[in-house]
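Chemist: coords please:
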Amino acid sequence: MYSHKKNNEDFTEYVAEMVQYLQDVSMKYSPPEQQTAGGAIIIGSKLILPSTNTQEKLILAPLYHHALDLVSNFDNIPSFQWRHVHPIFKFYLDALPRDTPGAIKILKLLIKIQDVLGKSNKMNSEFFDFENVLLLSRLITCQLEIVKNVDCDVSLRKFALESLAKVVRYCPGKKAPTVGLVVSGILGGLFEGDEGIFGQHGVTGEHHNRE
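Modeler: Coordinates of the predicted model:
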């Protein structure tokens with residue numbers, strides 16, 4: 001047990017040093033070079049993440065978050081497509097735990113990906129394509145499972161609700177039918193009953209409306 005904990009501590013320290021190094025070095029390069037470097041890290045996740053457990057994915061999250069900062073806009077990287085981002089999104093979505101710190105860290109990374117996609121017209125359109133409806137369904141289902149789980153901390157439920165609102169915010173108008181297929185018939189369940197599932201624990205629709 002001690003060895004496992006020590007290994008995680010060493011891995012965490014290594015990732016932190018790597019992120020700091022990238023932050024220091026990236027300032028010396030042009031924006032296109034920074035974007036290419038960030039894109040390479042995202043693509044490389046396809047080789048790294050399959051062999052990692054949930055804890056290791058959580059430790060690696062800051063590295064990929066910084067890579068997304070470097071990218072800024074996927075459309076600025078020649079030949080970059082949604083299929084290059086799909087693996088990291090899917091691996092982290094599949095690893096989403098139910099404990100508050102871990103779940104929030106992964107949700108933040110998924111939202112960061114969506115934020116960068118939101119600036120990337122071509123890539124964002126691909127994300128909301130009908131061909132990607134299964135991943136969207138999985139994402140929304142996970143968000144709703146957390147929101148509706150009264151055993152989850154209120155902070156986690158609120159964050160899941162905010163992340164759900166991001167899906168609606170970034171969905172292009174012409175792609176709305178895709179999201180409609182996913183959310184139709186389930187959003188009504190969010191406010192069922194006298195108080196609704198949010199009122200029970202102080203999670204209100206007003207919080208959602210701010211998104």
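
Chemist: any idea how far stretch 164-179 is from the chain center?
Modeler: Relative to the centre of its chain, stretch 164-179 is centred 15 Å away, using Cα atoms, centre = their mean, to the nearest Å.

Chemist: List the buried residues of it.
Modeler: Neighbour-count burial for stretch 164-179 flags L164, A165, K166, V167, Y170, C171, K175, T178, V179 (criterion: 16 or more other Cβ atoms under 10 Å). C-beta: built from backbone N, CA, C; applies to glycine.

Chemist: does the fourth one belong to a helix or a strand, and which?
Modeler: Spelled out, that is V167. Using DSSP states H and E, V167 falls within helix 154-170.

Chemist: for that helix, the distance to its chain's centre please.
Modeler: Using Cα atoms, centre = their mean, the offset of helix 154-170 from its chain centre is 11 Å.

Chemist: and that helix, what does it pack onto?
Modeler: helix 100-118, helix 133-148, helix 205-209 (3 or more Cβ pairs under 8 Å, 6 or more residues apart in numbering; DSSP states H and E).

Chemist: Identify whichever of the ones you listed lies nearest to Y64.
Modeler: The closest of the helices and strands packed on helix 154-170 to Y64 is helix 100-118. By Cβ to Cβ, the value is 6.2 Å.

Chemist: quick check: angle from that closest one to helix 133-148?
Modeler: For helix 100-118 against helix 133-148, the angle by axes from the mean of the first three to the mean of the last three Cα atoms, to 10 degrees is 140 degrees.
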